[in-house]
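A.B. asks: when you get a sec, could you give me coordinates for this:
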Amino acid sequence: MKQTPVFFDDIFIRFNQLLKEKKYHSVFILVDENTHEYCLPIFLSETEESIPTEIIEIPSGEENKVIEIAIQVWESMADLNASRKSLMVNLGGGMVTDIGGFIASTFKRGIDFVNVPTSLLSMVDASVGGKTGIDLNGIKNAVGTFSMPVATFIFPGFLETLPKTEFRSGLAEMLKHGLIYNKNHWKKLIALENFTTASIGNLIEESVGIKKEVVEKDPFESGLRKILNFGHTVGHAAESEFLQTENPLLHGEAVAIGMLVEAILSFENELISKDELDEIFVHLVRIFGKKELPEEIIPHLLHWMKFDKKNQNDQISFSLLDGIGNCQYDILLSENQISEGILRYNKKLTTI
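C.D. replies: Next comes the predicted model:
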């Protein structure tokens with residue numbers, strides 16, 4: 001699966017060129033209520049007006065990344081005479097690019113789509129790599145496809161519309177890219193005192209480049225690409241568990257927790273040193289704060305982890321750090337090892 005272009009410069013000019021080259025019959029722009037209000041006006045003011053364009057709005061939030069919403073969009077597209085020569089534009093965060101890519105890749109057996117990520121998280125993670133998906137019964141991305149967008153257009157100006165919590169959420173994936181693959185990237189990020197669009201501008205492109213390089217080496221996640229799951233085995237479980245409560249976690253917040261627990265597991269398996277573990281804890285806690293995982297929910301977290309797509313022979317599979325900047329994958333751990341790791345995570349939080 002060939003990786004497709006990711007554009008950072010003159011994105012509106014490049015998007016208009018794409019429309020002219022491909023001669024699409026119609027364009028469908030998928031938004032949620034937030035990107036409809038804050039990002040769509042900017043996008044429409046800069047793009048070609050001659051092609052019939054329809055706006056389809058879906059409700060925001062991970063709880064809406066489900067088949068029922070996908071069906072509603074498919075029905076709207078059918079009612080509006082979408083054809084195989086239509087283009088889907090996913091204008092939004094990771095939830096919109098995930099479900100939008102899934103909808104486009106399955107409608108009429110697949111129509112072209114482009115991603116225009118509007119959150120930091122979607123810029124550095126969800127919009128790159130060709131994974132689409134929806135959740136099923138609370139299980140993250142249980143249904144999906146490997147389908148590449150025609151192109152991805154990244155406009156950092158959209159980050160100015162983000163709440164601080166959403167901006168911070170995206171930092172988790174950038175920090176992860178450094179931890180698993182590029183120590184220098186990690187060092188650049190933790191050296192920053194303040195995280196703003198201006199201070200991380202160049203690092204966004206660098207982070208996208210890291211993920212793109214990993215994906216190009218292993219497009220279908222048969223080997224190396226599994227390192228991108230660092231922090232996600234525990235992180236997805238925490239995200240699913242807290243989604244059931246009045247205080248759900250943003251994806252990046254959950255991944256930050258997952259990276260801390262999995263750093264503990266890396267240390268317990270003698271893959272990283274005590275100094276490296278302390279460095280990871282100090283900086284992730286500085287950026288994301290402390291979030292304990294109560295002992296009574298550990299069985300629930302283990303339940304969610306059992307649905308992880310990477311598991312083998314009923315054992316839970318992890319990607320764990322092998323020093324900062326390196327990662328191993330397909331490490332199988334017992335439920336007892338995981339439970340002990342979560343308890344040690346809670347205890348270590350009290351020392352930071």
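A.B. asks: for the stretch 201-350 of the chain, which segments count as strands?
C.D. replies: Ranges of strands in the stretch 201-350 of the chain, per DSSP state E, counting those that start in this stretch, are 316-321, 327-333.
A.B. asks: format these as a markdown table; extra columns: mean neighbour count.
C.D. replies: Placement of C-beta: from N, CA and C, glycine included. Below are the strands of the stretch 201-350 of the chain laid out as a markdown table (neighbours: other CB atoms under 10 Å):
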| stretch | mean neighbour count |
| --- | --- |
| strand 316-321 | 24 |
| strand 327-333 | 19 |
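A.B. asks: could you dump these into JSON lines and include distance to E253 and mean pLDDT?
C.D. replies: Formatted as JSON lines, the strands of the stretch 201-350 of the chain follow (distance: least, CB to CB, whole Å; pLDDT from 0 to 100):
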{"stretch": "strand 316-321", "distance to E253": "19", "mean pLDDT": "96"}
{"stretch": "strand 327-333", "distance to E253": "21", "mean pLDDT": "96"}
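A.B. asks: can you redo the ones you listed as CSV with distance to S45?
C.D. replies: Converted to CSV, these look like this (distance: least, CB to CB, whole Å):
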stretch, distance to S45
strand 316-321, 42
strand 327-333, 42
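A.B. asks: for D10, find the nearest of those.
C.D. replies: Closest approach to D10 among these (CB to CB): strand 327-333, 34.7 Å.
A.B. asks: what lines up beside that closest one in the sheet?
C.D. replies: Strand 327-333 has these partner strands in its sheet, going by DSSP bridges: strand 316-321 (antiparallel).
A.B. asks: let's see the strand it pairs with as PDB, backbone CA atoms only.
C.D. replies: Extracted in PDB, the C-alpha atoms of strand 316-321 (Å, rounded to 0.1, in the frame of the first residue of the first chain):
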ATOM      1  CA  ILE A 316      -2.000  -9.700  25.700                       C
ATOM      2  CA  SER A 317       0.600  -8.300  23.400                       C
ATOM      3  CA  PHE A 318       2.600  -5.100  24.000                       C
ATOM      4  CA  SER A 319       5.100  -2.900  22.200                       C
ATOM      5  CA  LEU A 320       7.600  -1.800  24.900                       C
ATOM      6  CA  LEU A 321      10.500   0.600  24.900                       C
END
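A.B. asks: having no further points to raise, I will conclude here.
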